[in-house]
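Chemist: Following is a predicted model, sequence given first.
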Amino acid sequence: MRIMTIPCDGIGPEIMLATLNVLDVANKRFDLGMTFHEEEAGFASLQNHGITLRDEVLDRARSDFDGVILGTQSHMDYPAVAEGGRNVSAGFRIGLDLYANVRPARSRDYIPNKAPGMDLVIMREATEGFYPDRNMFKGVGEMMPDPDMALSVRKITRHASTRICREAFKLAMQRNKKVAAIHKANSFLMTDGLFLECFRDVAKDFPEVETEELIVDAYAALLVRKPQAYDVVVATNFYGDILSDLASELSGSLGLAGSINANAETGLCCAQAQHGSAPDIAGKNIANPTSLILSAAMMLSWLGEQRGVQNLMDAGTEISNAVDTVLDTPSNRTRDLGGNVNTDAFGDLVKQALIQ
């Protein structure tokens, strides 16, 4: 099994190394037969190739690899698109049609949090919505007719809404059979209205699943007030992006949140930390690699489920368990969680927990 690795920017190379050290142990313990092949993207690619993400990297990811582990990117610091500053994350999601951004948020009793009992998964549509770099066939969905006016276009399609809703219901069938659809159809009558129409149509195929429809601002408040009440949450791109960060921070830290981007039809999957590149601490060996490690574990579990390979599912589960074992001891935590453990040392601790 071939895995493409892309360290990218900021703390990306450091958390990638810690993640790969953990995966090396899992590879041997579960006889996964994984090989890892590094590619460039972000500033390294810009310097060497004049663009932050080359089409040939996407082509190879699509045709030659079983999965991708994508490091953090400093999108805000890239030059203009015309000067080579392509959005790497969006490039993978659009280029490989990775429409399902799966973002779990789970509170741990032993880590301070603001959401006791939270254990939910936000299913975020990732290929359209209020994102100007991915909602037009040519050009982008933002424009300035004059210096004092800026406009942005939102795209919601039946195809994209239906397939993310279907994945949400499939996941709910494996969990607690509850799905909440997040919308603002009281204001976005046509776009969110279409999303809700698709949600209701898909729900007919899953009569066992309890459904709920919540306005996005109301759900943000409910997420704070009673986070334990929700299981699977499905949302369009923009809402899902904001709400998943909120949920993860409430659960203890954005640094504890895994994430994958996947396409159930093509079988492609990309692991990606939820957080950013943190350039202020890059190169200091103090970043928390938990999010990328858990994202890689999610990727293995997802690939195992898609292919019916128990070893992959077991590896994903055991990596997640090893992370929990390490985090359960306060002295094992990185600085953002109140400890003093360095990035590489945290990876070593997870490795040891995985071996035992």
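Modeler: That came through fine.
Chemist: Tell me which stretches of the stretch 51-200 of the chain form strands.
Modeler: With DSSP state E, counting those that start in this stretch as the criterion, the stretch 51-200 of the chain has strands at 67-70, 100-106, 119-125, 142-146, 149-152, 178-183.
Chemist: helices and strands around the fourth one, which ones?
Modeler: Spelled out, that is strand 142-146. The contact analysis (3 or more C-beta pairs under 8 Å, 6 or more residues apart in numbering; DSSP states H and E) places strand 142-146 against strand 149-152. Where you see a C-beta, it was placed from the backbone N, CA and C, and this is true even at glycine.
Chemist: cool, the second one as well?
Modeler: Using 3+ C-beta pairs under 8 Å, 6+ apart as the contact criterion, the neighbours of strand 100-106 among helices and strands are strand 119-125, helix 158-174, helix 237-250, strand 260-263, helix 290-307.
Chemist: Export those as CSV, with columns for mean pLDDT and mean neighbour count.
Modeler: As requested, the helices and strands packed on strand 100-106 are exported to CSV (pLDDT from 0 to 100; neighbours: other C-beta atoms under 10 Å):
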stretch, mean pLDDT, mean neighbour count
strand 119-125, 98, 25
helix 158-174, 98, 20
helix 237-250, 96, 21
strand 260-263, 97, 25
helix 290-307, 97, 24
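Chemist: Now render the ones you listed as CSV, adding distance to residue 52.
Modeler: CSV is the format used below for those (distance: least, C-beta to C-beta, whole Å):
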stretch, distance to residue 52
strand 119-125, 23
helix 158-174, 25
helix 237-250, 20
strand 260-263, 17
helix 290-307, 19
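Chemist: Which parts of this protein belong to which domain?
Modeler: 1-101+254-356, 114-250 (automatic domain parsing).
Chemist: Buried deepest among the ones you listed, which one?
Modeler: Comparing the domains of the chain by mean neighbour count (mean count of other C-beta atoms under 10 Å), domain 1-101+254-356 ranks first with a mean of 20.
Chemist: quick one: terminal-to-terminal distance for it?
Modeler: One end of domain 1-101+254-356 sits 25 Å from the other (C-alpha to C-alpha, to the nearest Å).
Chemist: And for stretch 113-120?
Modeler: This stretch, stretch 113-120, spans 15 Å end to end (C-alpha to C-alpha).
Chemist: any low-confidence regions in the stretch 51-200 of the chain?
Modeler: In the prediction, the stretch 51-200 of the chain carries no residues with pLDDT under 70.
Chemist: how does it look with 90?
Modeler: 75, 81-82, 131-140 (pLDDT under 90).
Chemist: and if you look at the stretch 251-356 of the chain?
Modeler: In the stretch 251-356 of the chain (pLDDT under 90), the answer is 254, 356.
Chemist: of the domains of the chain, which approaches residue 108 most closely?
Modeler: Judged by C-beta to C-beta, the one of the domains of the chain that comes nearest to residue 108 is domain 1-101+254-356, at 6.7 Å.
Chemist: Residue 257 is in contact with residue 251, isn't it?
Modeler: Yes. The pair residue 257 / residue 251 is scored as a contact, 7.4 Å apart, by C-beta atoms under 8 Å.
Chemist: circling back: between the helices and strands packed on strand 100-106, which gets nearest to residue 204?
Modeler: Closest to residue 204 of these is helix 158-174 (C-beta to C-beta; 10.1 Å).
Chemist: Let me know the angle separating the closest one from strand 178-183.
Modeler: Angle, helix 158-174 to strand 178-183, by axes from the mean of the first three to the mean of the last three C-alpha atoms, to 10 degrees: 150 degrees.
Chemist: Leaving out sequence neighbours, find the closest residue to residue 267.
Modeler: Spatial nearest neighbour of residue 267, excluding adjacent residues (C-beta to C-beta, 6 or more residues apart in numbering): residue 306 at 5.4 Å.
Chemist: what's near enough to touch that neighbour?
Modeler: 264, 267, 269 (C-beta atoms under 8 Å, 6 or more residues apart in numbering).
Chemist: again, only using 10 Å
Modeler: 262-264, 266-269, 312 (C-beta atoms under 10 Å, 6 or more residues apart in numbering).
Chemist: Out of these, flag the one nearest to residue 79.
Modeler: Closest to residue 79 out of the contacts of residue 306 is residue 268 (28.4 Å), distances taken as C-beta to C-beta.
Chemist: shouldn't the closest one be in contact with residue 64?
Modeler: No. Counting by C-beta atoms under 10 Å, no contact exists between residue 268 and residue 64, whose distance comes to 11.6 Å.
Chemist: ok so, going back, for residue 317, find the nearest of the strands of the stretch 51-200 of the chain.
Modeler: strand 100-106 (13.2 Å).
Chemist: Relative to the closest one, what are the paired strands and their orientations?
Modeler: Paired strands of strand 100-106, with direction, are strand 119-125 (antiparallel), strand 260-263 (antiparallel) (DSSP bridges).
Chemist: from the chain's centre, how far out does the next helix or strand after the shortest one sit?
Modeler: Next helix or strand after strand 260-263 toward the C-terminus (DSSP states H and E): strand 268-272. Here the centre of mass of C-alpha atoms in strand 268-272, compared against the chain's by C-alpha atoms, centre = their mean, to the nearest Å, lies 8 Å away.
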